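Enquirer: structure for this input, please:
(chains A and B)
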Number of protein chains: 2
Amino acid sequence: MAGQVIKDLEQLLGAAKVVSGEALNDHYDHIWRMDVGLNAHGLVLPRSTADVSAVLKYCNDHDVSVVMHGGRTNLVGSTETDEKDLVISLEKMNAIEELDADSRTITVQAGVILENVQQAAKEQALLLPLNFGAKGSAQVGGILSTNAGGLRVIRYGMARELVLGLEVVLADGTVLTNLKKIIKDNSGYDLKQLFIGAEGTLGVITRAVLRLREAPRSRTSAYVGIDDYASVVRFLRFMDAGMAGTLSAYELIWKSTLVSMTTPPSSAKPPLPLDHAYYVLVEGLGSDQTADQARLEQLLEEAMAEGMIADAAFAFSESDFEWFWKIREDVHVIVSQMKHDQHFDISLPITLIGSVLDEITVELERVGGVEQVFVFGHVADGNIHLMIGKENESDALREQINDVVYGPLKAINGSVSAEHGIGVHKKQYLRLCRTDAEIALMKTVKRSLDPKNILNRGKILDL
Amino acid sequence: MAGQVIKDLEQLLGAAKVVSGEALNDHYDHIWRMDVGLNAHGLVLPRSTADVSAVLKYCNDHDVSVVMHGGRTNLVGSTETDEKDLVISLEKMNAIEELDADSRTITVQAGVILENVQQAAKEQALLLPLNFGAKGSAQVGGILSTNAGGLRVIRYGMARELVLGLEVVLADGTVLTNLKKIIKDNSGYDLKQLFIGAEGTLGVITRAVLRLREAPRSRTSAYVGIDDYASVVRFLRFMDAGMAGTLSAYELIWKSTLVSMTTPPSSAKPPLPLDHAYYVLVEGLGSDQTADQARLEQLLEEAMAEGMIADAAFAFSESDFEWFWKIREDVHVIVSQMKHDQHFDISLPITLIGSVLDEITVELERVGGVEQVFVFGHVADGNIHLMIGKENESDALREQINDVVYGPLKAINGSVSAEHGIGVHKKQYLRLCRTDAEIALMKTVKRSLDPKNILNRGKILDL
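Expert: This next block holds a predicted model:
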């Protein structure tokens, strides 16, 4: 039977698009494990939507379970496979089909790498606002399936907000094409919303029309030291109102985390004296460098006069911008200081972040085996990342840490996953932030779109 | 049997919450027909989510068809009823449950009127950006079910983008509560997206958490005259880049329409000489009145020097703002000039609007019985409104006009409904902008969420 599936697929698509047997060792399921061969029944590399449709129709008819692969940078195990899975990778469907500068849209195949979309937009003085660390590997199909976020959600929204049109192949091979360039369309159900963030469990995204924005012409940035959490919230409102539409990042770093980010082994210098409880990295993207810089300085002066902030340092040059942002983005500096690490991507109401993270940190420090706790995040979105250093990789310790971090979320209407998704790693914690009725409805939706449960089976939900 | 349903509901909810018989004459199905009594089997006025759940469970068990009523300002017949329908109105569920100024969220029951939400936000120096003509009547439940748009979508998005949390009652009475205040939540399927814009066919929205923005501290506005459509598109990009996040409206009015809006019987004066092909009303919402006004003037000077625009008039005072916006918003002036009127709310790619609307206008003028054609719209969103004056209300003329306006949309990936929805009036045109596969999937979704088809039966889709 096993051999038959591969033979059938070779006949359906042509042998060049099908990988099996020993050749699977040249592929992998995660970018962090590129040295480990792909554990799968086979891998297909479609060249067109019609190819994807033919494969899915075959798999649905023959009960073959399918796992989708994009750039394989997923952080929750959504691309994990076993020897029964057929992997579909859209890496060969990597064409930018059209950049329409006047409509400010880009139409791409799902296998296009994020950085290439960013670059194409830039050449037309446009911006694809989505940006995050894995941009050199992550592909559009995976990005939309994960509803990725990143650093500028406060200004431009999540991936969901960037999608105008979508083409999706359903489990039975049906092709849903809606590649519109229009911003408003209330003609019946907005079906694309079903597939964005569904981690490949409801359909396979093959093409998309993404909305582009005007490229900013100015950039301003500052680090600010703040002594109490209430002022972090107050300062956010103050800056958002004062920067009127140009505030593009508001990143919070806890003191002890900034210390680790800016003292050896880190090569980065601290941007400010390390004696404040919190540090905020503010960014504005505007249209007039001189005026915007003056405005930022004026606002921070006012904030200081009103006692909201205790200190501030401005970026004045390209090298300052690099320095400021490298501190925030270079998580390797932190990871390198931990024996083993466990990281989190939680959401909670912004007003509660200060007290809840204090409690979580105290609790974590009481857990035997926890060695370090680093906290930072996109605080304006209510999205906090924790990186926890620990002495071993035991399941018991992992679960103990999960319980401490996830424990408070249910009561305060938080989420166990702000950006990364559920996949397999967070499946058992889904019920901490979604009700039984919600999970039941998710299952109803899954069953109605993928009745044979062939698509990313066991990811997000067990039926 | 008929009497039994009312008796059962009276028992279930208490008689005070159930209206039937003669008393239905004190109610209505549309704000334009307040003098016509409600044609329905009965009307229930729940006071709580539990009430809504009990009614729906009863209706589902007993195959009673249900129509939802909010402010009854819908423009596509979504609130129409017949004598078999039970109407559920949430007008008594009109509490603002919480305004959390620090989280910048407002939690409301679905029966709250838009203007009341706007007012509550304003008192905290916050803004609910959604705004349109019917704000004094439209209720949150209906607004979200229609995914309403309005004048500031370019800056703040549609209603969909304002929803953080939602409570919905499904057809069988199941209550789905997700009233989170968080911006990012990738914990499984984003179920709220299913109900936003579904026109009450998939569930009944009972409560919502809406995202608020900082209230702007400055407002600038100008009318601009432009001689060719390509410059309208070029000027949009120029202004969007130049105003960097503060551009809040970019409304296009065709010359002959502006003439009708600003000459008697209209009492408004024209803001500029009436000799340009197109007029754009630009608005900026910022933080510094002096600097923002200077910036707008500088940008328009540059645009004029580059030949993008031919003329410009600025608003300098509150009365100027009123004057400028009354011209754009006072559609009654236009309606009063028509014997009978038919209006449209279409979307198309922004680059094609000039040529396609020219063609449509020429075609319409050839239709016997068409007397006037007025064109204006939210051009930055690709959303154009046509108002067509005609000599009679015959079905034949209506359909001829529909065919001319909707005819070109399929080939150019447009939409028959940008903002208003499908309801019953546009149902036969749905297939002009959605594929058979899409419509089939809409039916699959409808059947899986409302298997007995009790919710707004026959709206959007016929099963």
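
Enquirer: only C-alpha atoms from now on, for both contacts and neighbour counts.
Expert: Noted.

Enquirer: could you measure residue A:121 against chain B, distance?
Expert: Residue A:121 sits 14 Å away from chain B, going by C-alpha to the nearest C-alpha, to the nearest Å.

Enquirer: er, residue A:270 actually
Expert: On the measure of C-alpha to the nearest C-alpha, residue A:270 and chain B end up 30 Å apart.

Enquirer: kindly report the same for residue A:302.
Expert: 14 Å.

Enquirer: wait, a helix at that residue?
Expert: Yes: residue state for residue A:302 (DSSP: H, G, I helix; E, B strand; the rest coil) corresponds to a helix.

Enquirer: please enumerate the helices of the stretch 1-150 of chain A.
Expert: A:2-13, A:49-61, A:114-122, A:140-146 (DSSP state H, counting those that start in this stretch).

Enquirer: now the third one: mean pLDDT?
Expert: Model confidence over helix A:114-122, given as mean pLDDT, is 98.

Enquirer: now tell me which helix or strand of chain A has the poorest mean pLDDT.
Expert: helix A:331-335 (a mean of 88; mean pLDDT, DSSP states H and E).

Enquirer: okay, the helices of the stretch 1-150 of chain A in a markdown table with mean neighbour count next?
Expert: Below are the helices of the stretch 1-150 of chain A laid out as a markdown table (neighbours: other C-alpha atoms under 10 Å in any protein chain shown):
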| stretch | mean neighbour count |
| --- | --- |
| helix A:2-13 | 15 |
| helix A:49-61 | 21 |
| helix A:114-122 | 19 |
| helix A:140-146 | 28 |
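
Enquirer: mean pLDDT lowest where, among those helices?
Expert: Minimum mean pLDDT among those: helix A:2-13, a mean of 93.

Enquirer: what sits up against that helix?
Expert: Helix A:2-13 is contacted by residues A:15-18, A:20, A:41-42, A:46, A:51, A:54-55 when judged by C-alpha atoms under 8 Å, 6 or more residues apart in numbering or on different chains.

Enquirer: can I get it in PDB, CA atoms only?
Expert: Taking C-alpha atoms only, helix A:2-13 is exported to PDB below (Å, rounded to 0.1, in the frame of the first residue of the first chain):
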ATOM      1  CA  ALA A   2       2.800   2.400   1.000                       C
ATOM      2  CA  GLY A   3       4.600   2.100  -2.300                       C
ATOM      3  CA  GLN A   4       1.300   2.400  -4.200                       C
ATOM      4  CA  VAL A   5       0.600   6.000  -2.900                       C
ATOM      5  CA  ILE A   6       4.000   7.200  -4.100                       C
ATOM      6  CA  LYS A   7       3.500   5.400  -7.500                       C
ATOM      7  CA  ASP A   8       0.100   7.000  -7.900                       C
ATOM      8  CA  LEU A   9       1.300  10.400  -7.000                       C
ATOM      9  CA  GLU A  10       4.300  10.100  -9.400                       C
ATOM     10  CA  GLN A  11       1.800   9.200 -12.100                       C
ATOM     11  CA  LEU A  12      -0.500  12.100 -11.100                       C
ATOM     12  CA  LEU A  13       2.100  14.800 -10.900                       C
END
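
Enquirer: and the angle from that helix to helix A:49-61?
Expert: Counting by axes from the mean of the first three to the mean of the last three C-alpha atoms, to 10 degrees, helix A:2-13 lies at 150 degrees to helix A:49-61.

Enquirer: which one of the residues in the stretch 251-400 of chain A is closest to chain B?
Expert: At 5.0 Å from chain B, residue A:286 is the closest residue in the stretch 251-400 of chain A, using C-alpha to the nearest C-alpha.

Enquirer: does that residue touch residue A:293 like I think?
Expert: No: if you go by C-alpha atoms under 8 Å, residue A:286 and residue A:293 don't touch, sitting 9.7 Å apart.

Enquirer: the more surrounded of those two?
Expert: residue A:286 (26 against 20; other C-alpha atoms under 10 Å in any protein chain shown).

Enquirer: follow-up on the earlier one: buried sites along the least confident helix or strand of chain A?
Expert: Neighbour-count burial for helix A:331-335, counted by 16 or more other C-alpha atoms under 10 Å in any protein chain shown, picks out A:333-335.

Enquirer: chain B next: which of these are close?
Expert: By C-alpha under 8 Å from any C-alpha of the partner chain, no member of the buried residues of helix A:331-335 lies near chain B.

Enquirer: quick one on the thing from earlier: filter the contacts of helix A:2-13 down to the buried ones and hand me the ChimeraX line.
Expert: Entered in ChimeraX, the line below selects the buried ones among those, by 16+ other C-alpha under 10 Å:
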select /A:17,18,20,41,42,46,51,54,55
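
Enquirer: from the contacts of helix A:2-13, pick the one nearest chain B.
Expert: For the contacts of helix A:2-13, the nearest to chain B is residue A:54 (16.1 Å; C-alpha to the nearest C-alpha).

Enquirer: I'd say the closest one and residue A:173 touch.
Expert: Yes: Residue A:54 is within contact range of residue A:173, at 6.3 Å (criterion: C-alpha under 8 Å).

Enquirer: circling back to that earlier point, got the contact list for the least confident helix or strand of chain A?
Expert: By C-alpha under 8 Å, 6+ apart, helix A:331-335 touches A:260-261, A:265-266, A:341, A:374, A:389.

Enquirer: quick one: the residue nearest to the spatial centre of chain A from chain B, how far?
Expert: Central residue of chain A (C-alpha atoms, centre = their mean): residue A:148, 3.4 Å from the mean position. Using C-alpha to the nearest C-alpha, we find residue A:148 at a distance of 9 Å from chain B.
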